[in-house]
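1. Let me see the structure of the following:
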Amino acid sequence: MSKFEKAAKLIIILCLLAILSVACSGEGKTTTESPAVPEQQQKPVTLTVFTPASNGSLEQFTKEFGSDIQKKFPHVSFDYVGGAKWGVDIPAVLGTNQTIDFVVVQAVSFNHVVKIFDLQYDIEELIKTKKYDLSHIQPNIIEGMRGLTPGGKLYGLPVSTSNFALMYNKDLFDRFGVAYPKDGMTWDEVYDLARKLTRTEEGVQYYGLVTDFVAYSLFNQLSASYIDPATNKAMFSSDPKWTALTSNITRFFQTSGMDLSKGWTWDAPSKRFHTEHVAAMNFYAVPPSSTANWDMVTSPVFKDAPGIGTQGNPLAFFPTSMSKHKELVFDIMTYLTSEEYQLEKAKEGVLPVLTSNKVRDAFGQDVVGYKDRNVKALVSNKSAIPSLKTDQYADGHGIIAQAMIQVASGVKDVNTALREADEKLNLKIKEAEQQKLQK
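-> Predicted coordinates:
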């Protein structure tokens, strides 16, 4: 496995938790009442939560979720495993006979953090007995979570999500005399802008557009999957969508004035845009703490898929099969997906999972850094239908991203790069199948 592939897998599992949650929203029925706490659960209960975040801690969990939960469930306290102590080493946790009550992780990492250790728990029965209304959550998000396993079962509930937008550096557009991008632009229109902005001046490389190739592939707008579920084979070279996706993004790096001879790393887009201020546009999930003079518009769209943004990337709570407090964990998830909670978090800049326009329209209201910025771009497009994300999905992240970088830098053509990507992923799939047989 190359350094790039290892880094890509680590980033997906560890760093996606750091992305500020953002996503599309629509109209629909919402649940406005939080769950009542049953009498038998009023006695003090300590729940153990696991997260794979390398920078995770009880303090961080309390800040993000715990304090709000305890206001609603004052009899609940939390113990924490994970983070700097455990990293992603769940076996080390289980080896101490520690009971994990629920896992908080990006849904895309479910198979590699929850299912691989047989910790998953089907919540369908609780949904029925609690009369929980799934229709108030965005349908594509629920569909994506059901698509995490072949059987289509639901093992958790999303509490926030993320979406891409097109960020742009106003200073660079002003400097080079190019009009700012607008909402609703196609990829072709954005490409025309990027060509005008890509150049080298006084030894400085300016990029018209940058993106994270891993995230671009993982949450792609065409809902292309890495693996064909019918054959369990890679489909980079056989699915025309991957040719379209690869050709679309790599052309931005093949324009006159672009030089990738020094290579391209996973953190390059963030550095070029937010820190070095040499990228005019950045197609990514959300602004971190940026020193650029930025604004944003909606994600560029493919002309034959107008209004379709990226796939959502929900952060979810997954109760475990080993927990003795599954019902309580479900009550907590019900509260975290209530309009009451989602509305307040939306105001703080956490993108909601609900279909409620009221909640969507409140996004970012209390965030000082969002004032006078077009952050509604993050909730304007409809999210793409989720692609299939099965057990071997994480193996494909670095492989397809590396293929795109090879095309972007002129090392290989599209067909060759995708064919070789198939070969690499098929080898990973074969190795995984052999490991299963040996168990």
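
2. Show me where the stretch 301-439 of the chain has its strands.
-> Here the stretch 301-439 of the chain has its strands, by DSSP state E, counting those that start in this stretch, at 315-319.

3. max-length helix in the chain?
-> Of all segments of type helix in the chain, defined using DSSP state H, the longest is helix 414-438.

4. Sort out which residues of it are buried, please.
-> 414, 417-422, 424-426, 428-429 (16 or more other C-beta atoms under 10 Å). (Each C-beta comes from the backbone N, C-alpha and C, glycine too.)

5. Kindly reformat the residues you listed as TSV containing distance to Thr298 and pLDDT.
-> As requested, these are exported to TSV (distance: C-beta to C-beta, whole Å; pLDDT from 0 to 100):
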residue	distance to Thr298	pLDDT
Val414	27	98
Ala417	29	98
Leu418	28	99
Arg419	34	98
Glu420	34	98
Ala421	29	98
Asp422	32	98
Lys424	34	97
Leu425	32	96
Asn426	36	96
Lys428	35	93
Ile429	36	92
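
6. and the gap between Lys436 and Asn282?
-> Lys436 is 40 Å from Asn282, where distance means C-beta to C-beta, to the nearest Å.

7. Buried ones in stretch 56-71, by neighbour count?
-> Under 16+ other C-beta under 10 Å, the buried positions of stretch 56-71 are 56, 60-62, 64-66, 68-69.

8. okay, how far is it across it, tip to tip?
-> Terminal residues of stretch 56-71 lie 22 Å apart, using C-alpha to C-alpha, to the nearest Å.

9. Wait, Gly144 touches Pro314, no?
-> Yes. The criterion here is C-beta atoms under 8 Å, and Gly144 meets it with Pro314 at 7.2 Å.

10. what touches both of the two?
-> Ala107 (C-beta atoms under 8 Å, 6 or more residues apart in numbering).

11. could the buried residues of stretch 56-71 go into JSON lines alongside distance to Thr161?
-> Compiled in JSON lines, those are given as follows (distance: C-beta to C-beta, whole Å):
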{"residue": "Gly56", "distance to Thr161": "19"}
{"residue": "Gln60", "distance to Thr161": "19"}
{"residue": "Phe61", "distance to Thr161": "19"}
{"residue": "Thr62", "distance to Thr161": "22"}
{"residue": "Glu64", "distance to Thr161": "15"}
{"residue": "Phe65", "distance to Thr161": "15"}
{"residue": "Gly66", "distance to Thr161": "20"}
{"residue": "Asp68", "distance to Thr161": "18"}
{"residue": "Ile69", "distance to Thr161": "19"}
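
12. For those residues, work out which two are farthest apart.
-> Taking C-beta to C-beta as the measure, the buried residues of stretch 56-71 span a maximum distance of 17.2 Å, between Gly56 and Asp68.

13. where does this structure dip in pLDDT?
-> Within the chain, the stretches with pLDDT under 70 are 1-41, 54, 83-89, 261-263, 266, 285-289, 391, 439.

14. now with 80?
-> 1-41, 53-55, 82-97, 150, 256-267, 285-290, 388-394, 436, 438-439 (pLDDT under 80).

15. Pick out the residue closest to the middle of it.
-> Nearest to the mean C-alpha position of the chain, counting by C-alpha atoms, centre = their mean, stands Asn313 at 3.2 Å.

16. Excluding covalently adjacent residues, which one is nearest to it?
-> Spatial nearest neighbour of Asn313, chain neighbours left out: Ser162 (4.4 Å); criterion: C-beta to C-beta, 6 or more residues apart in numbering.

17. my guess is the one you found contacts Gln311, does it?
-> No. Between Ser162 and Gln311 there is no contact under C-beta under 8 Å: 9.7 Å.

18. picking up where we left off before, tell me what the longest helix of the chain is packed against?
-> Counting contacts by 3 or more C-beta pairs under 8 Å, 6 or more residues apart in numbering; DSSP states H and E, helix 414-438 packs against strand 233-234, helix 240-250, helix 393-408.

19. Mean neighbour count, these: which tops it?
-> Highest mean neighbour count of the helices and strands packed on helix 414-438: helix 393-408, a mean of 24 (counted as mean count of other C-beta atoms under 10 Å).

20. so how far is that one off the chain centroid?
-> Helix 393-408 sits 17 Å away from the centroid of its parent chain (C-alpha atoms, centre = their mean, to the nearest Å).
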